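J.: sequence and predicted structure are below.
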Amino acid sequence: KRYFAAGSDALVFAHEGVNIGVLICADGWEAAPAMLAKAAGAELLIAINASPFHMEKQSTRLDILRERVAETQLPIIYANMVGGQDELVFDGGSFVLNSDGTLTHQLAAFEPALAMVEFKHAQPIPAEITPHLSLEASVYNALKLGLHDYVRKNHFPGVLLGLSGGVDSALTLAIAVDALGAENVHAVMMPSEFTADISVDDAREMANMLGVKYSEIAIKPMYETYITALAPQFGNLPFDATEENLQARIRGMLLMALSNKFGSIVVTTGNKSEMAVGYCTLYGDMAGGFALLKDVPKTLVYKLCRYRNSLSKTILQRIITRPPSAELRPNQLDQDSLPPYEILDGIIEAYVEDDKSRVDIIEMGFQPTDVSRVVKLIDRNEYKRRQSPVGVRISHKGFGKDRRYPITVKLDFGK
């Protein structure tokens with residue numbers, strides 16, 4: 001519902017002898033509305049906002065509002081909403097700038113906050129300033145708030161997730177417990193013949209340490225039943241991604257069955273790096289209702305794990321240090337199929353978030369073969385991303401509403 005209509009005149013009202021100009025959201029991002037308010041007699045500006053979070057957004061807000069202060073020589077109260085709405089998280093973090101651009105008040109981010117702002121001669125009297133959050137802290141809190149509000153506002157009783165013993169599911173579990181409480185989280189380990197013992201041990205220990213409900217369902221009997229049923233069709237064709245994806249789809253089916261029976265929403269654990277290049281299985285590990293790490297690249301996943309452990313030991317160190325693997329075939333590692341994540345994530349950021357071309361990315365120092373391969377994978381896998389669940393956006397351009405790319409394109413992906 002819209003509460004405001006566009007107008008051509010400045011909105012200025014008097015309160016206790018002070019003329020106050022009102023800016024609504026995007027009014028503050030350009031000079032004209034604030035200047036019109038000053039011309040209409042405003043001595044103080046209030047900017048009310050529904051400004052969604054992305055990394056470093058708060059610094060951008062401060063820089064832009066300081067420009068308005070410099071142009072008008074007026075103090076500004078910036079009030080921002082807080083809460084999750086589908087993929088968007090509104091992070092709050094309201095603040096006040098005096099007429100020389102000095103920050104006099106800074107409220108907490110990612111939680112409702114209230115402050116009394118006192119003025120003397122239309123200038124704010126300095127008060128306590130909440131410390132600035134690190135990038136990792138702000139992203140972690142955005143993910144936590146986004147998950148909490150999506151689950152609670154849509155009236156789900158809790159969440160289900162597949163726990164693999166890997167770093168992505170470990171981080172997802174930690175955020176879910178922080179957001180919803182251990183009593184509302186059910187972790188399910190679904191080992192196969194390719195699952196290492198250490199993965200099962202780590203999954204159990206993580207679940208026990210965090211106090212969540214934990215279940216184990218071996219998928220080998222179901223997998224063998226499918227293979228037997230398909231054998232007449234497959235004939236002597238060799239083991240390939242078909243059998244790998246079959247395991248992921250069995251796991252997805254089990255989680256969705258538990259979701260149907262008990263009402264909890266399935267939270268998927270795939271990250272942005274995997275989503276970008278299609279290193280994920282439709283109707284398998286992509287099956288669920290909320291993709292928490294959908295906009296979090298793998299390199300940032302590791303940083304978030306270390307950040308969470310800096311608060312209290314939550315994620316096992318060997319989960320963080322083990323080489324990542326989907327464990328869908330013997331001795332499998334992610335790096336068998338993908339470039340190193342440091343390289344992969346750099347190319348994804350340049351191509352997806354910054355709209356750079358292949359030539360631009362190569363000029364940044366990446367190898368031409370890596371760039372061509374990754375760009376090709378990103379373009380080819382739009383059809384998968386279009387079928388993925390909604391998830392928290394933390395970058396300035398996430399997959400989904402921010403990046404609308406056609407599935408059907410007459411391109412030669414080999415070039």
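T.: Cool, the structure landed.
J.: quick one, domains of this structure?
T.: 11-133, 137-332 (automatic domain parsing).
J.: and among those domains, the most buried is which?
T.: Greatest average neighbour count among the domains of the chain goes to domain 137-332 (a mean of 19), per mean count of other Cβ atoms under 10 Å. From N, CA and C alone the C-beta is placed, and that goes for glycine too.
J.: so which residues of the stretch 151-300 of the chain form strands?
T.: Secondary structure of the stretch 151-300 of the chain (DSSP state E, counting those that start in this stretch): strands at 159-162, 185-189, 213-216, 265-268, 290-291.
J.: would you turn the ones you listed into a markdown table with mean pLDDT and distance to residue 129?
T.: As requested, the strands of the stretch 151-300 of the chain are exported to a markdown table (pLDDT from 0 to 100; distance: least, Cβ to Cβ, whole Å):
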| stretch | mean pLDDT | distance to residue 129 |
| --- | --- | --- |
| strand 159-162 | 97 | 35 |
| strand 185-189 | 97 | 35 |
| strand 213-216 | 97 | 41 |
| strand 265-268 | 98 | 35 |
| strand 290-291 | 97 | 34 |
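J.: which stretch among these comes nearest residue 408?
T.: For these, the distance to residue 408 is smallest for strand 290-291, at 23.5 Å, taking Cβ to Cβ.
J.: which residues does the closest one contact?
T.: The contact list for strand 290-291 (Cβ atoms under 8 Å, 6 or more residues apart in numbering) reads 147, 150-151, 159, 265-268, 270, 275, 388-391.
J.: could I get these in a markdown table, plus columns for distance to residue 8?
T.: Shown next, in a markdown table, are these (distance: Cβ to Cβ, whole Å):
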| residue | distance to residue 8 |
| --- | --- |
| 147 | 41 |
| 150 | 38 |
| 151 | 42 |
| 159 | 48 |
| 265 | 45 |
| 266 | 49 |
| 267 | 46 |
| 268 | 47 |
| 270 | 47 |
| 275 | 43 |
| 388 | 42 |
| 389 | 42 |
| 390 | 37 |
| 391 | 39 |
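J.: ok, the residues you listed vs residue 67, which is closest?
T.: So of the contacts of strand 290-291, ranked by how close each gets to residue 67 (Cβ to Cβ), first place is residue 391, at 32.8 Å.
J.: show me the two of the contacts of strand 290-291 that sit farthest apart.
T.: For the contacts of strand 290-291, the maximum inter-member distance is 20.9 Å, found between 151 and 275 (Cβ to Cβ).
J.: helices or strands up against the top helix by length along the chain?
T.: Secondary structure of the chain per DSSP state H: the longest helix is helix 241-262. Helix 241-262 sits against strand 159-162, strand 185-189, helix 220-234, strand 265-268, with contacts defined as 3 or more Cβ pairs under 8 Å, 6 or more residues apart in numbering; DSSP states H and E.
J.: now these in CSV, with distance to residue 383?
T.: Below are the helices and strands packed on helix 241-262 laid out as CSV (distance: least, Cβ to Cβ, whole Å):
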stretch, distance to residue 383
strand 159-162, 23
strand 185-189, 28
helix 220-234, 24
strand 265-268, 17
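J.: with distance to residue 402 as extra columns, can I get the domains of the chain in JSON lines?
T.: Shown next, in JSON lines, are the domains of the chain (distance: least, Cβ to Cβ, whole Å):
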{"stretch": "domain 11-133", "distance to residue 402": "9"}
{"stretch": "domain 137-332", "distance to residue 402": "9"}
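J.: so where do the helices sit in the stretch 251-400 of the chain?
T.: 272-277, 298-311, 317-321, 341-348, 358-363, 368-380, 382-385 (DSSP state H, counting those that start in this stretch).
J.: of all these, which one is nearest residue 177?
T.: Of the helices of the stretch 251-400 of the chain, nearest to residue 177 by Cβ to Cβ is helix 298-311, at 10.3 Å.
J.: packing partners for the closest one?
T.: The contact analysis (3+ Cβ pairs under 8 Å, 6+ apart) places helix 298-311 against helix 135-153, helix 167-180, helix 272-277, helix 317-321, helix 341-348.
J.: by mean pLDDT, show me the worst of those helices.
T.: Least confident of these, judged by mean pLDDT, is helix 317-321 with a mean of 92.
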